[in-house]
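Visitor: need a structure here:
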Amino acid sequence: MELAKISDMTKLHQAVAAGDCNLVKKILKKGLCDPNYKDVDWNDRTPLHWAAIKGQMEVMHLLIEYGARPCLVTDVGWTPAHFAAESGHLSILKTLHALHAAIDAADFFGDTPKRIAQIYGQKACVAFLKKAEPECRDHRQKGLLLDERDPDWDFKKRELELSLPTPNQNTNKKSKRSRGPTRLSHSKAWRV
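Guide: Here you go, the predicted structure:
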C-alpha cells in the first residue's frame, strides 16, 4: 500500500488493514469510527471489506459485533464475500454464509463471489460456494432478511449504467449534421 493512501484512510480502516485486533477493539469500544464508513479513496471499501481481504476472522467478528453490515459494497459492487473469494479465505466465506450475508450477490459486471473464486483459482472456495449459493437463495425465498440493500450502491450503480454507451450507440461514427445543400468535396469535384 502506498503511504499517501494509508493516511487518507480512517483509523479503523488502517487498524483492520494492518491486522491490529487490539487497536480495532479499542477504536470500536470508544466509538471513534463508524464500522460502515466507506473510504472513497479505496473504492468505497469498509473495514469489513479489509477484514475479508486479509482473512482476519477475529477482526471480522469484532466489526460485526459493533454493527458492520456485510451487505455494503464497493464502487463496483463487491461485497466482503467477493474479496474473501478472491483471496481464498474460506473461513471468512463460511462465516458470512452463517450470518446470512448475500454470498451470491453479483457485482456491476455480473460476477458473483463464486465466479471471482473461479477466476483466481480458489478451488476450495468454489466448491463451498457451489453448495452455499442455493442455500442462500433458499433463505431469501423463506423471507429471511438475507439481502439487505446498500442504498449508496443502488444510486452509484444507476449512475454507472447511465454513463455507459447504449447498445444502439455507435461510438466510432461521428454524427453528421446537415447545414443546407451538400457540396462536393474537393476530391470528388475533379472526378468525371
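Visitor: Low-confidence regions, the protein specifically.
Guide: Applying pLDDT under 70 to the chain picks out residues 1-9, 143-149, 151, 153-155, 167-192.
Visitor: Just list what the longest helix anywhere in the chain packs against, helices and strands only.
Guide: If you go by DSSP state H, the chain has its longest helix at helix 123-141. Where contact means 3 or more C-beta pairs under 8 Å, 6 or more residues apart in numbering; DSSP states H and E, helix 123-141 is packed against helix 80-87, helix 90-98, helix 113-119. For every residue, glycine as well, the C-beta is placed using N, CA and C.
Visitor: Direction-wise, compare it with helix 80-87 and give the angle.
Guide: On the basis of axes from the mean of the first three to the mean of the last three C-alpha atoms, to 10 degrees, helix 123-141 is oriented at 160 degrees to helix 80-87.
Visitor: Need the winner for burial among the helices and strands packed on helix 123-141.
Guide: helix 80-87 (a mean of 26; mean count of other C-beta atoms under 10 Å).
Visitor: Could you name the helices and strands sitting against that one?
Guide: helix 47-54, helix 90-98, helix 113-119, helix 123-141.
Visitor: Now do the buried residues in the last one.
Guide: Of the residues in helix 123-141, those buried by neighbour count under the rule 16 or more other C-beta atoms under 10 Å are 125-126, 128-129, 132-133, 136, 139.
Visitor: now that helix, how far from the centre of its chain.
Guide: 18 Å (C-alpha atoms, centre = their mean, to the nearest Å).
Visitor: That helix vs helix 90-98, what angle?
Guide: 10 degrees.
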